[in-house]
Structure formats: C-alpha cells, structure tokens
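Peer 1: need a 3D model of the following:
(chains A and B)
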There are 2 protein chains.
Amino acid sequence: MTTTDTTTGVDDSIRNGVDTATLFATLDAVKQAPEAASFQFRAHNQWVSGTHNRSRIADYFGVGQERTHERSFVFDADHPAVLVGQDHGPTPVEFVLHALAACLTAGLANIAAARKVKLTEVRSTVTGDIDLNGILGLDPEVRNGYQQITVRFTITGDAPADKLRELLDQSRARSAVYDVITNGVPVTIQVDTP
Amino acid sequence: MTTTDTTTGVDDSIRNGVDTATLFATLDAVKQAPEAASFQFRAHNQWVSGTHNRSRIADYFGVGQERTHERSFVFDADHPAVLVGQDHGPTPVEFVLHALAACLTAGLANIAAARKVKLTEVRSTVTGDIDLNGILGLDPEVRNGYQQITVRFTITGDAPADKLRELLDQSRARSAVYDVITNGVPVTIQVDTP
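Peer 2: Model prediction:
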C-alpha cells in the first residue's frame, strides 16, 4: 500500500531510499509462496597469475527462475607485495569484511524504513585480526582465518540513540553474512581435472 | 634463492606468476620473527541509499607497521529489484562467494609453484544456497545465512589429476576464507550514535 502524506504531498512509503510498500508486498508474497524465497547465488572465478584472480558475479536463481543482475560485476583479488602478490585487488579476506559491513548496513536501512525511522548517516569500519602464521603453516596452534572481527558503526537519524541501537541489533539478528561468519556454513569442494 | 635453468635460460624461481624465491624468503623471515605475521585488515563502509552502500578498502596493518594498498579499492553492494533494491552492485552474500573462490585459487597457485607444478588453467564456480525465509523473519526454523556452499573447480597443469587434487586439498587446508566460512569467527559490533 502506498500512502501519501497529505500535508507534504510526499509519498511516505519511500523512506531511506527503501520502497517500504514494495518491501511489505514482497513479505506478503513470500508468506503466500514460501518456496519463492529459495535462492542460489554464484560467483565464477578465473585464475590470472600468482595470487591474482578475478570473479564475475552475474547469474543467480530466485523467485522460481534463473535471473541475472542488470550488469555483470567483476572483481579482482590479489595479495599486496608484502604477501608476495602484485596488489591488483584486495585480499580475499578483505572482501569478507566488506560483505559483513554491506549486509548489516542494508538490513539497517530496511528495518529503519519499516519502523519509520529516517536515517541521515550510516558509516562503519570493520577490522579483522589475523595471524598469518596459520596460513603460512608455521604454527599449528594458529587458525588460518580471522581470530576476531570488530564492526564499529556511526549511525545518525531521527530517533533516540537507544532506538538506533535497537535497529542495528535487529539487523544483526537478521543478517545473512553475520550468520555465515559467526556460525559457519558447510562447504563442499569438487574438482574436475580434465 | 633464485636459480636459472641453464637449458632454457629461464629464471625457474618464477612459476605460475609466483616468485617462489620471495615466497620462501618470506616464510624464512616470519620463522625468525613470528610477530611480523600479525595483520589487521579493514573495510570502511558508507551507506548510500536503501540497500545500496559502498566500501573502501585501502589501509591495513602488517609486518609491524601501518600500510596501504597501492590504490584504494571501492566496491558497491546492493540488492536486485526482486529483493527490493536497485542492483547497483552484488548482494553482500555474493561477495562471500567471491572471497572463497579467490582464497582457494590464490593458495593453489602458491602451493603449486612451491611444489614445482605449472598450472595452465584454474576456474571455479561457487554456489551458495539460501532460503530467504530466514532473513525475512518468516520462518524461525530457517537460518539467515547460506545452508550450503559448493565450489566446483576445473584445474589443468603439468601434473597428474591426483597431484592437482592434492594441491587443492592443501590450499583448502591453509585457506583463511575457507576457515572463516566453515568454522566461524567471533564478531563484535559497536555503535556510536552521536
């Protein structure tokens, strides 16, 4: 349902750039047909040279059919020189930090819009601490991945600080990437060596 | 140590685009000074509108000092229209798949180089299955994140299929992103609401 504020003439179903009418309509549609919510996302990667490789993100499956993004997105990953690469892109582990910030922020904007809070600014810095003695195979006591990740948000909007924190808590509670990173996911690796 | 093949005149310490002499020198240096391997990676994210936000990856800490990549890397994330976004970038969860492919592939190239295997092609497709009834809050039994992730590699090189699989197994065993995704990492979220 789209409602218009008769005082301002502004369509108040758009808040924080979120079309809340469409958001609620989508929720209703999935309630009626839960199988529409089965998605498969994909990345296609090709090795370039050394630690440099490139992924293309374009096709996915959702709402019952194969789909493509409006354009293909291409991302290079590499190591910096200090890690014996050529710095053609961020390291793989840095993309994980971006994914986490992006997921929490998108959720926050949606949840704020649904609860009629207008956000003015959302910034975050994600830091991940890692001891490379793990991946270098030099210390069996050290894990390969991050030991800890910290996200520091600055949020401003037309609600009290407590309310803004509550919106972020709810975003965390519904974040796909936060769940993946904190709880883990089973990964299967297959290899074809023609 | 750099060695030159006297038959071909080619510096055989560069293999798969990996400078193996530097790789081994780096390993030796970290053996002598394990604290050099303490790194902190970072992503700085800014909300744009709706589910659209943007991260900058530039600064990090490693080998005892603050460092920056040779340039800043900027990535947009968004949702497609079918998920009430404007498709200005991949979804956050798709960046996770890219990170996994990139990490396994970079490791494979390094390990193959160290073991004197010349790779000719490495391609992979990573798929992640997710039921959005989780993040939409419509089914408490459904997790927010991926239910499973599958990586399918095609690898060719101058070694038998068994050897190529063994190199990939070793890359998995030393992959930071594989560890993060399969085993999870503690995440702390702080919020400043001025």
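Peer 1: okay, CA-based contacts and neighbour counts for the rest of this
Peer 2: Noted.
Peer 1: low-confidence stretches in chain A?
Peer 2: Applying pLDDT under 70 to chain A picks out residues A:1-11, A:194.
Peer 1: how about the helices of it, start to end?
Peer 2: Counting by DSSP state H, chain A has these helices, from start to end: A:20-32, A:92-114, A:161-173, A:176-183.
Peer 1: list the helices and strands the last one packs on?
Peer 2: Right, the one you point to is helix A:176-183. Packing partners of helix A:176-183 (3 or more Cα pairs under 8 Å, 6 or more residues apart in numbering or on different chains; DSSP states H and E): helix A:92-114, helix B:92-114, helix B:176-183, strand B:187-192.
Peer 1: a markdown table for those, including mean neighbour count and distance to A:D158?
Peer 2: Below are the helices and strands packed on helix A:176-183 laid out as a markdown table (neighbours: other Cα atoms under 10 Å in any protein chain shown; distance: least, Cα to Cα, whole Å):
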| stretch | mean neighbour count | distance to A:D158 |
| --- | --- | --- |
| helix A:92-114 | 27 | 10 |
| helix B:92-114 | 27 | 26 |
| helix B:176-183 | 23 | 36 |
| strand B:187-192 | 15 | 15 |
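Peer 1: still on that earlier bit, let's have the helices of chain A in a markdown table, adding distance to A:D192.
Peer 2: Listed next are the helices of chain A as a markdown table, based on distance: least, Cα to Cα, whole Å:
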| stretch | distance to A:D192 |
| --- | --- |
| helix A:20-32 | 37 |
| helix A:92-114 | 23 |
| helix A:161-173 | 38 |
| helix A:176-183 | 27 |
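Peer 1: circling back: tabulate the helices and strands packed on helix A:176-183 in a markdown table, adding columns for distance to A:S124.
Peer 2: Formatted as a markdown table, the helices and strands packed on helix A:176-183 follow (distance: least, Cα to Cα, whole Å):
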| stretch | distance to A:S124 |
| --- | --- |
| helix A:92-114 | 7 |
| helix B:92-114 | 15 |
| helix B:176-183 | 21 |
| strand B:187-192 | 9 |
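Peer 1: of all the ones you listed, which lies closest to B:Y60?
Peer 2: Nearest of the helices and strands packed on helix A:176-183 to B:Y60, taken as Cα to Cα: helix A:92-114 at 9.6 Å.
Peer 1: thinking again about what came up before, of all the helices and strands packed on helix A:176-183, which lies closest to B:R152?
Peer 2: Once the helices and strands packed on helix A:176-183 are compared by Cα to Cα, helix B:92-114 is nearest, at 9.4 Å.
Peer 1: ok, that closest one near chain A or not?
Peer 2: Yes - against chain A, helix B:92-114 shows contacts by Cα under 8 Å from any Cα of the partner chain at B:92-103, B:105-107, B:109-110.
Peer 1: residues contacting the residue nearest in space to the middle of chain A?
Peer 2: Central residue of chain A (Cα atoms, centre = their mean): A:C103, 3.2 Å from the mean position. Contacts for A:C103 (Cα atoms under 8 Å, 6 or more residues apart in numbering or on different chains) come out as A:175-178, B:91-93.
Peer 1: at 7 Å instead, please
Peer 2: Shown in contact with A:C103 (Cα atoms under 7 Å, 6 or more residues apart in numbering or on different chains): A:175, A:177, B:92.
Peer 1: any idea how far it is from A:D12?
Peer 2: 24 Å (Cα to Cα, to the nearest Å).
Peer 1: can you check A:I181 too?
Peer 2: Taking Cα to Cα as the measure, A:I181 falls 35 Å from A:D12.
Peer 1: ok, what's across the strand from the residue lying closest to A:V187 once chain neighbours are set aside?
Peer 2: In space, and not counting its chain neighbours, A:V187 is closest to B:I149: 4.8 Å by Cα to Cα, 6 or more residues apart in numbering or on different chains. As for beta bridges, B:I149 partners with A:V187, B:G128 under DSSP bridges.
Peer 1: for A:E121, list each beta-bridge partner.
Peer 2: So, taking DSSP bridges as the rule, A:E121 has A:T156 as bridge partners.
Peer 1: and it, what does it touch?
Peer 2: A:E121 neighbours (Cα under 7 Å, 6+ apart): A:155-157, B:47.
Peer 1: with neighbour count and distance to B:H79 added, can I get the residues you listed in TSV?
Peer 2: Below are the contacts of A:E121 laid out as TSV (neighbours: other Cα atoms under 10 Å in any protein chain shown; distance: Cα to Cα, whole Å):
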residue	neighbour count	distance to B:H79
A:I155	22	21
A:T156	18	23
A:G157	17	22
B:W47	26	13
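Peer 1: what's the closest of the residues you listed to A:L136?
Peer 2: B:W47 (35.6 Å).
Peer 1: bridged to that closest one, which residues?
Peer 2: Going by DSSP bridges, B:W47 forms beta bridges with B:N53.
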